[in-house]
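Visitor: I'll drop the sequence and a predicted model, then ask my questions.
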Amino acid sequence: MADQDFQSQPTQEQNPLIPRGQQPSLIIPKSQPLPNADPKVKLLKKLGLIVGLLLIVSFILPIFLTRSHPTASRLPQPTIPASPPTPFVTISNPTSLGQYQNFFDQIENDIKNSSLEFPPPQYDPEIKP
Amino acid sequence: MGILALILCVLLSPQLVAAQEPTNPVASTPSPPSDSLFTQYQSDYQYQVKLYQDAYRLYTEKKQINLKYNTVTTQKEALAAAKNAIQSRNNLLKSYLLALRVKLDMYQSANPDETEKNKITLNSWEKWLDDQNPIIETINNAEDAANFSQVFKSRHNELQKAVYTAIIIDRINQKTAILNQLTDFSQNLKKSPQIPSDQLHWFNPINIQTDLIRQAFNQAITATNQIQVGDQFSNFYPEASQQLIKVDGYLIDITKTLKSIIIKFIN
C-alpha cells in the first residue's frame, strides 16, 4: 500500500501532453538501490582517501622535495670547533701591523732578553785552613 | 719564439720580481746570532758551581773540626780541603770567564773594539787563574795557604771590575744591536712611497730617543771606570744597570713610534 502511494505520487512534474499511463517513470524501485549508496562503502572510500593522502605526504612528497634540495647527509658536515667561536669576527683590523708584526714581536723579545743577566759566581776570596 | 720565452723567464725570475717590490724595512735586518756555544759553556759553568759548593762545604766543615780539635790529622784534612776548595774556585772562575767571553762574541759586531778589549782582559784573567794551579799544588801548610789567599785577595777587586765591566759591555752590545735594527728599519720606512715627504716629522721622536740611548750608554760606561779604592770592591754595576734599564724604555718608545707610523701611513 505504501509502495502504491509512492508510485502514484511522482516527484517529477508530469507532462500534460503525454497520457498519464505513458508518462516515463523516474521512480527507482526500492529493490534496486543505487551503487555506492551504501554508507559503509562511502566510509571505506573516505578512509582510503585519507590513508592515500597520508602516504603521499609522508613518503612520496619528501622524495620529490629532496630531488631539488640535497639531503642532510649529502651536505658537508660542519666541523665543530674545539673552542667556541669568537663572538665578533673582525674583517679588517685598523691597528694591525700586518707583515711587520713579527719584526716588532722579535724586537720586543730581544729587548727583554737583553736584560737577562749572567751574574758572576759568589765565592769566598779568602780560603785558608 | 724561444728567445721570447727566455726573455719572459728572465723577467719573471723571483729575484728580479723581488727587486722590483717596494722597499721592505725588515729585509735588511740581520738575524740574531746563535747562542748554542754560550749555552754549552754556561752548562759547564753550572757544573763547576756545584763542584765548588761541594768543595767549599767540605772545607768549612774541616776548618771547624780543626779549630775545635787542632790535631795533626785535623790540620792535614783542613789543608787538603782548603786546597781542594781553592782549586774548585779557580775552575769556577775560569769557566765563568770563558762563558762570559763567548757571550761577548755573540754581539761583538755592535761594538767591536771595546768588546775585543774586554775579551782580551777576560782572557788574561783566565791565564792568570791557570797560572795559579801549579802554585796551589805547592801549598803545604797553613802559612802557604795564607800567603796564597793574600795574593788572590789583592787581585780580587781587579777581577771583579773586569767581570762587571764585561757584563755591562755585553748588555750595551745587545741593546746596540736592537737599536741598529730599529734604525735600519726606520731608514727603510722613510723611503716608503706611502709616507709623504711632508710627513717625515713623524720620525723626529726616534732621533731624540736614539740620542737619549747614546747618553745612557755613555753614562753606563763611565760608571765602569769608577776608581777602586781600598780592599772592598766598589760595585758600579747597579748604577750602570740603572742606565741600561732606561735604555730599554727608550727602545720600547722607538718601537711605539714606528708602529704608529706604520698604522697611519702603511696599513
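Guide: Structure received. Predicted model, so just to flag it, every value in this text is computed and none were measured.
Visitor: Please make it C-alpha for all contacts and neighbour counts, starting now.
Guide: Will do.
Visitor: Residue B:84 and residue B:55: what is the separation?
Guide: 6 Å (Cα to Cα, to the nearest Å).
Visitor: low-scoring pLDDT stretches of chain B, where are they?
Guide: For chain B, residues meeting the criterion pLDDT under 70 lie at B:1-34.
Visitor: how about the residues of it that lie near chain A?
Guide: Neighbours of chain A within chain B, by Cα under 8 Å from any Cα of the partner chain: B:26, B:49, B:59, B:63, B:75, B:78-79, B:81-82, B:85-86, B:89, B:92-93, B:96, B:100, B:142, B:145-146, B:149-150, B:152-153, B:156, B:163-164, B:167, B:171, B:174-175, B:178, B:245, B:248, B:251-252, B:255, B:259, B:262-263, B:267.
Visitor: Could I have the PyMOL command that selects the buried members from those residues?
Guide: One line in PyMOL is enough to select the buried members of these, burial here meaning 16 or more other Cα atoms under 10 Å in any protein chain shown:
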select buried, chain B and resi 26+49+59+63+75+78+79+81+82+85+86+89+92+93+96+100+142+145+146+149+150+152+153+156+163+164+167+171+174+175+178+248+251+252+255+259+262
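Visitor: list the buried ones in stretch B:188-203?
Guide: By neighbour count on 16+ other Cα under 10 Å, the buried set for stretch B:188-203 is B:188-192, B:195, B:203.
Visitor: follow-up on the earlier one: take the residues of chain B next to chain A and keep only those in strands.
Guide: Using DSSP state E, no member of those falls in strands.
Visitor: got the contact list for residue B:171?
Guide: Applying Cα atoms under 8 Å, 6 or more residues apart in numbering or on different chains to residue B:171 gives the contacts A:114-115, B:244.
Visitor: Which ones among the residues of chain B next to chain A map onto helices?
Guide: B:49, B:59, B:63, B:75, B:78-79, B:81-82, B:85-86, B:89, B:92-93, B:96, B:100, B:142, B:145-146, B:149-150, B:152-153, B:156, B:163-164, B:167, B:171, B:174-175, B:178, B:245, B:248, B:251-252, B:255, B:259 (DSSP state H).
Visitor: mind giving me the domain ranges of chain B?
Guide: B:35-138, B:157-267 (automatic domain parsing).
Visitor: now those domains in a markdown table, with distance to residue A:58?
Guide: What follows is the domains of chain B, written out as a markdown table (distance: least, Cα to Cα, whole Å):
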| stretch | distance to residue A:58 |
| --- | --- |
| domain B:35-138 | 74 |
| domain B:157-267 | 58 |
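Visitor: wait, which of the ones you listed is closest to residue A:50?
Guide: Smallest distance to residue A:50 across the domains of chain B (Cα to Cα): 68.6 Å, for domain B:157-267.
Visitor: re earlier: neighbour-wise, which one of the contacts of residue B:171 leads?
Guide: When neighbours are counted by other Cα atoms under 10 Å in any protein chain shown, residue B:244 leads these with 23 neighbours.
Visitor: can you tell me which residue is nearest the centre of chain B?
Guide: Nearest to the geometric centre of chain B sits residue B:170, at 2.8 Å (Cα atoms, centre = their mean).
Visitor: May I ask which helix or strand encompasses the closest residue to that one other than its chain neighbours?
Guide: Once flanking residues are discounted, residue B:170 sits nearest to residue B:104: 5.5 Å by Cα to Cα, 6 or more residues apart in numbering or on different chains. Element membership for residue B:104, per DSSP states H and E: helix B:72-106.
Visitor: what packs against that helix?
Guide: If you count contacts as 3 or more Cα pairs under 8 Å, 6 or more residues apart in numbering or on different chains; DSSP states H and E, helix B:72-106 packs onto helix B:36-69, helix B:112-137, helix B:142-190.
Visitor: what would those look like in CSV with distance to residue B:216?
Guide: Putting those into CSV (distance: least, Cα to Cα, whole Å) gives the following:
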stretch, distance to residue B:216
helix B:36-69, 27
helix B:112-137, 16
helix B:142-190, 10
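Visitor: Residue B:240 is nearest to which of these?
Guide: Nearest of the helices and strands packed on helix B:72-106 (Cα to Cα): helix B:142-190, 7.2 Å.
Visitor: can I get the CA coordinates of the longest helix along chain A in CSV?
Guide: When chain A is parsed with DSSP H, its longest helix is helix A:39-55. What follows is helix A:39-55 as a C-alpha-only set of coordinates in CSV (Å, rounded to 0.1, in the frame of the first residue of the first chain):
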residue,chain,number,x,y,z
PRO,A,39,27.3,4.2,3.8
LYS,A,40,29.9,1.6,4.6
VAL,A,41,31.3,1.8,1.2
LYS,A,42,31.4,5.6,1.5
LEU,A,43,33.2,5.4,4.7
LEU,A,44,35.7,3.0,3.3
LYS,A,45,36.3,5.3,0.3
LYS,A,46,36.9,8.2,2.7
LEU,A,47,39.2,6.2,4.8
GLY,A,48,41.1,5.1,1.7
LEU,A,49,41.4,8.6,0.5
ILE,A,50,42.8,9.7,3.9
VAL,A,51,45.3,6.9,4.0
GLY,A,52,46.4,7.6,0.5
LEU,A,53,46.9,11.3,1.3
LEU,A,54,48.8,10.4,4.4
LEU,A,55,51.1,8.0,2.3
